[in-house]
Structures are given as C-alpha cells and as structure tokens.
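Visitor: Sequence and computational prediction follow.
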Amino acid sequence: MNPLKIGMISFAHGHAFSYLNSLLSIPEVEIIGIADPKRGRVADVISKHGIAYYDDYRSLLEQSMDAVVICSENVFHAELTIAAANKGIHVLCEKPLGVGADEMNAMIEACNNNNVQLMTAFPCRYLPAVIQAKQAVERGEIGDIVAIKGTNRGTAPSGWFVDPKLSGGGALLDHTVHVMDLMCWITGSEPEEVYAYAATLFDEKLDVDDAGMIHVKFENGTFGVVDTSWSRRAPFPTWGDVTLEIIGTSGVISVDSLGQVNELYSQEAGTGQWNYWGDNMDLYLVKAFVQAIKQGDQVPISGEDGMRSAAVALAGYQSIETGQPVRLRV
C-alpha cells in the first residue's frame, strides 16, 4: 500500500513537534517536507530526520502530497488552509481554526469546493478520562446534563501568543476552544448564548488578556462555564490542566484529564514536578486523521467543529465590549 504523503507548514506552535513525532511513528506515513519562514525553528528536526526544508510554504505545496499539518500563528491559518485546499490537499489545522467568522467559513468552503477534508486539532477528545466520561453520559449514568464547569488553566505563553496581531486574542481565545469543543461533543448540543469576562490580571505588561471566564447557554438548556486563565505560575508542578465537572439530574462526573502523573521531587529541579504518563493524545489525534484520509472516511473533528468553538470565544470578546450576553447564529 502506498504511504500517505504529508507535509508540515510552520512550527510556530509547539504542538508541531509532537505531531511530527507522532507522524514519524506511523509506518504508512511519509513526511514530504517542512515549510517554515524561520529555519531556526525547524533546524534540529530537519537535520535529525533528513526532512526536506522549504522557506516558503508555496514551494512545499507544489510537491506531490496527500495532506498537510498546519501549526502556524493563528492569523495565518486561513491563508495556509485555503492555499492547501486549492492544491487538492487535505488539512489538519491547529486550533483555534481561525480568528474571524468570515475566514473560517472561507476555509471550510475552500475545502468543500476542492473535495478535501479539513480537521481541527482538538487532541483533548482523545484523553482517556474524557472518553470515559462521554461514554458514561451516553449510558445515562448521571441522567440529563444540567451544567458543565470546565477549566483550561495554564502558564502564560510568550512570543507570538501574546501578540494580538498574530494570535488574534489572549487567554480567552487560546483556552476556550479546547474545553468548549469537549462541552459541545459531550452534550451533543450547540451553544446559543455567550457571556464573558476577561482582563489582564497576572502580567500587566501583556497586550492581551491573561484571565477570563466564559459562560455559555446551549440549545438544549445546559449551562457551561470555563476558566480560561493563564493562572499557573512558575512554581506550579505542571503547565496547566483540563478539567470538567459534568452535573446531571442523577449524578456528577468529575474529570481530571491530565491526572495520570507521577510526582517527582528533586533538588536539581528545585520544585515538585508532575510527569504525565498517560496515553499520548496527540498520537491518537494524528492517527485518526491519517486513518480517515487513507480510508476515505469523514474526519472525526471537522472544520465546523473548530469554527463552533472559536465562534464562542470570539462572541466572548464581543460580550466583554458590550457588557451583555451575545447570541450566536445557529
């Protein structure tokens, strides 16, 4: 069987390194090349693995390939996705899918028009605790869902993540989308109304928000709230968390998505550390993408899924400006 030929565009987002390692572990995948305008970001991996390098993504897209993984700065997702689609290349795009409704619609339309698939990178769907919680909900173990409380707290990033011209927003955009996707997936319902708060509380030098709470009402009547803050300080033993508390009419499910850790204490490190030993969610995400493309199946996390969650975050910023709830177009 011929290998699936995949290229990668930009290693601006650190997830690209994990996705590359995952792709390299899959026998039926061939990495065609890596494109990144900053060679220094990829110098080590192209040297280590003997991968072709392109400083312009257009040159990479001229190569014969089946799919591409995009991990650029957020504001370039639309340009890169549309360019790949117009070449007949399937796309796995890092979250958030885009920074505006019009561009996300254009991404989805370009892929549909060219008969290629667009998958949004939401690896949290492949966390064991999340999967088990969804299965328990589907079995009716907690009755009907009334509300969900979630967190995606992390350590403040740097570089382009805190440059609104490249990121499109701060913590509210960065950390809403993962948990909101899980909420939509678990409830099976669409978000219809958003109310949010965001501010710069932890580092006043930032040009973006680093603290936020976003409240959502779903079509089926479920209420959700997510703490999206970059509130983990340097001494904290891990970079962040993804948690859910799913409240039903007959019970509650508490999810600590990244709770499979060993506690490590060493004088060298100077502080306690949590070393995650659980399943590699990025590997399962990439495997699902590869399998869908090779078999001609629908990708499990669509562009529409990515747009839905990003739209909630963008509506959150609108709510902050007006001080009022914002209804989503459904």
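Guide: Everything's here; your move. Only a predicted model underlies this, so the values are computations on that prediction, with no experimental measurement involved. Residues are numbered from 1 along each chain as shown.

Visitor: Where does pLDDT dip in the stretch 51-200 of the chain?
Guide: Scanning the stretch 51-200 of the chain for pLDDT under 70 picks out nothing.

Visitor: just so I have it, where are all the helices in it?
Guide: Assigned by DSSP state H, counting those that start in this stretch, the stretch 51-200 of the chain shows helices spanning 57-61, 77-86, 101-113, 128-138, 164-167, 171-187.

Visitor: among those helices, which is nearest residue 321?
Guide: Counting by C-beta to C-beta, residue 321 lies closest to helix 171-187 out of those; the figure is 12.1 Å. In this view, the C-beta of every residue, glycine as well, is placed from N, C-alpha and C.

Visitor: Columns distance to residue 300 on top of the helices of the stretch 51-200 of the chain, output as JSON lines?
Guide: Shown next, in JSON lines, are these (distance: least, C-beta to C-beta, whole Å):
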{"stretch": "helix 57-61", "distance to residue 300": "25"}
{"stretch": "helix 77-86", "distance to residue 300": "18"}
{"stretch": "helix 101-113", "distance to residue 300": "15"}
{"stretch": "helix 128-138", "distance to residue 300": "12"}
{"stretch": "helix 164-167", "distance to residue 300": "26"}
{"stretch": "helix 171-187", "distance to residue 300": "10"}
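
Visitor: Any stretches of the stretch 201-330 of the chain with poor pLDDT?
Guide: Checking the stretch 201-330 of the chain against pLDDT under 70 turns up 330.

Visitor: can you give me the helices for it?
Guide: So, for the stretch 201-330 of the chain - with DSSP H, counting those that start in this stretch - the helices run 281-295, 303-322.

Visitor: Format those helices as TSV; extra columns: distance to residue 42 and mean neighbour count.
Guide: TSV is the format used below for the helices of the stretch 201-330 of the chain (distance: least, C-beta to C-beta, whole Å; neighbours: other C-beta atoms under 10 Å):
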stretch	distance to residue 42	mean neighbour count
helix 281-295	17	19
helix 303-322	24	22
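
Visitor: can you redo those helices as TSV with distance to residue 264?
Guide: What follows is those, written out as TSV (distance: least, C-beta to C-beta, whole Å):
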stretch	distance to residue 264
helix 281-295	21
helix 303-322	33
